[in-house]
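Chemist: coords below, sequence missing:
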């Protein structure tokens, strides 16, 4: 199992009365399953991850809107609470690793279903974290894959267009 | 029902007819539930049908715990399983539409559950016993409403104690049935039981995966898949807050 990320006393943890150890233990098992299990199980894992991203996003909004601890404009600029950090550090890599894996078979219907769920997760991340997400990909994650800056830019542009069109389809 | 004076050989012969016996119980129960008699009479008839199980199950269990003879133990375990099957099949007269409480039979079915749960301490023939209890619980989740809540923590606790991957794997569908039926109603209780159950499942998976026995590793892989389905079932039944709100 992966080690839990360091616990930060973020407002999110306070408000959710969250025993982060427990939640992250469960989370780590899901992240682990999304990379090592059969396609069928991987699909379930990414569905779970998607639901979590959606739910935690709601909590963050609840925190901002109900308690007015942070006005929305300021909240967008603050450091992302530790769940968001966790998403970036654990979930983003496991989404991309499958997409970039050499043995991913785009003709296999089961694997296409997994990729479908991954795209939904990435789409959700873009909805929740928008520019922070793209910035993280550009500055932190994609460079670790030894891609050159030019390729990264092209990829990100394509990705944001793709996510944007998905988002548009989702809203309209 | 089982007669204390019967020899083990006689019991064995009796068990070989158990399929017919189960159909008979199911038919009688359906007749009682659907007939035009007053509710009070229906309730009494159902009690007449089920109460013998209560006492004979208790006697059988005691006998099982005392006896040292392995063959005898196996026959007794089969008997215990048979009695639980009889109770489960008797509940088949009821359904989602006609509840146990409509016929005032809740008490006797809960008494039976109360009687069956202690049998889960049996280790040698655990598969037979837990299959019986599990089947009965599946039926009770269908026919009872919130009356079963009182027994759920104890039932789940008894199931996850000293259990192996196969048993846990068979147990997860029962949990999923409970989520699907009761949804938000079980939030408070699930909040408490969620982490112990997960830890138990994860520990069994870890231990099995580390072993060199191919069958144990396979069991663990199957359990791992069920575990994700179990998480998904929690989320799909609007119980994601159970996971998020894991308080200390």
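Modeler: Here it is on my side, so go on. Predicted, not measured: the structure shown is a model, and the values here were computed from it.
Chemist: and stretch B:149-162, which residues are buried?
Modeler: By neighbour count on 16 or more other CB atoms under 10 Å in any protein chain shown, the buried set for stretch B:149-162 is B:151, B:152, B:155, B:156, B:158, B:159, B:160. Yep, even glycine has a C-beta here, placed from its N, CA and C like the rest.
Chemist: Let me see the ranges of the helices in chain A.
Modeler: With DSSP state H as the criterion, chain A has helices at A:11-16, A:20-36, A:39-67, A:72-77, A:82-86, A:92-100, A:109-136, A:149-171.
Chemist: Who are the packing partners of the shortest one?
Modeler: If contacts are counted by 3 or more CB pairs under 8 Å, 6 or more residues apart in numbering or on different chains; DSSP states H and E, helix A:82-86 sits against helix A:11-16, helix A:20-36, helix A:109-136.
Chemist: what pLDDT, on average, does that helix get?
Modeler: Helix A:82-86 carries an average pLDDT of 72.
Chemist: Mind picking out the helix or strand in chain A with the poorest mean pLDDT?
Modeler: helix A:11-16 (a mean of 33; mean pLDDT, DSSP states H and E).
Chemist: returning to that earlier point: residue A:46 is nearest to which of the helices and strands packed on helix A:82-86?
Modeler: Closest approach to residue A:46 among the helices and strands packed on helix A:82-86 (CB to CB): helix A:109-136, 3.5 Å.
Chemist: Could you measure from the closest residue to residue B:143 other than its chain neighbours over to residue B:113?
Modeler: Distances taken as CB to CB, 6 or more residues apart in numbering or on different chains place residue B:94 nearest to residue B:143, at 4.1 Å, with adjacent residues excluded. Using CB to CB, to the nearest Å, residue B:94 is found at 14 Å from residue B:113.
Chemist: The two: who's more crowded?
Modeler: Between residue B:94 and residue B:113, counting by other CB atoms under 10 Å in any protein chain shown, residue B:94 is the more crowded of the two (24 against 21).
Chemist: For the more buried one, report the pLDDT, please.
Modeler: 91.
Chemist: ok, now which ones touch it?
Modeler: B:29, B:33, B:100, B:103, B:105, B:142, B:143 (CB atoms under 8 Å, 6 or more residues apart in numbering or on different chains).
Chemist: From these, list the buried ones, please.
Modeler: For those, buried by 16+ other CB under 10 Å: B:29, B:33, B:100, B:103, B:105, B:142, B:143.
Chemist: Now, those residues that are in strands?
Modeler: If you go by DSSP state E, the buried ones among the contacts of residue B:94 have nothing in strands.
Chemist: For those, give me JSON lines that also has pLDDT.
Modeler: Below are the buried ones among the contacts of residue B:94 laid out as JSON lines (pLDDT from 0 to 100):
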{"residue": "B:29", "pLDDT": "93"}
{"residue": "B:33", "pLDDT": "91"}
{"residue": "B:100", "pLDDT": "89"}
{"residue": "B:103", "pLDDT": "88"}
{"residue": "B:105", "pLDDT": "90"}
{"residue": "B:142", "pLDDT": "91"}
{"residue": "B:143", "pLDDT": "90"}
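Chemist: Just give me the closest of those to chain A.
Modeler: Ranked by distance to chain A (CB to the nearest CB), these are led by residue B:142 at 25.6 Å.
Chemist: So what does the closest residue to that closest one other than its chain neighbours look like in phi/psi?
Modeler: Leaving aside its sequence neighbours, residue B:142 sits nearest to residue B:96 (CB to CB, 6+ apart; 6.3 Å). Dihedral angles of residue B:96 (phi, psi; degrees, to the nearest 10) stand at phi -60, psi -30.
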